[in-house]
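K.L.:
Build me a model from this:
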Amino acid sequence: MNKKTALRILGGIILFFNLWLIGHYNLQGLIVLFLTFGFAIGYEYLIVRPFSKKDKSTDL
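P.N.:
Here you go, the predicted structure:
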């Protein structure tokens, strides 16, 4: 399993934990948007993409 896939699986686990928090505390409104889409987009662009660029540069 490459690093990109492992990071995405970890992000999915964190996202499921965020969804559990939303349901447990009955959260509503913008906080739900930030905990779901904000986390997913930020995680993809700030963590997964830089690691995938490093992997491509080392494959040469």
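K.L.:
which residues touch residue 42?
P.N.:
Taking Cβ atoms under 8 Å, 6 or more residues apart in numbering, we find residue 42 in contact with no residue. C-betas here are computed from N, CA, C, even on glycine.
K.L.:
what about it, which helix or strand?
P.N.:
Using DSSP states H and E, residue 42 maps to helix 39-43.
K.L.:
what is the rounded mean pLDDT of that helix?
P.N.:
For helix 39-43, mean pLDDT rounds to 96.
K.L.:
For it, C-alpha coordinates in CSV please.
P.N.:
C-alpha atoms of helix 39-43 as CSV (Å, rounded to 0.1, in the frame of the first residue of the first chain):
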residue,chain,number,x,y,z
PHE,A,39,-11.7,18.6,7.0
ALA,A,40,-11.8,16.5,3.8
ILE,A,41,-10.8,19.3,1.5
GLY,A,42,-8.1,20.6,3.8
TYR,A,43,-6.7,17.1,4.5
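K.L.:
Just the buried positions in that helix, please.
P.N.:
Residues of helix 39-43 classed as buried: residue 43 (neighbour count, 16 or more other Cβ atoms under 10 Å).
K.L.:
now it, how far from the centre of its chain.
P.N.:
5 Å (Cα atoms, centre = their mean, to the nearest Å).
K.L.:
Same question for stretch 8-27.
P.N.:
With Cα atoms, centre = their mean, you get 10 Å for stretch 8-27.
K.L.:
need the longest helix for the protein.
P.N.:
In the chain, with assignment by DSSP state H, the single longest helix is helix 3-24.
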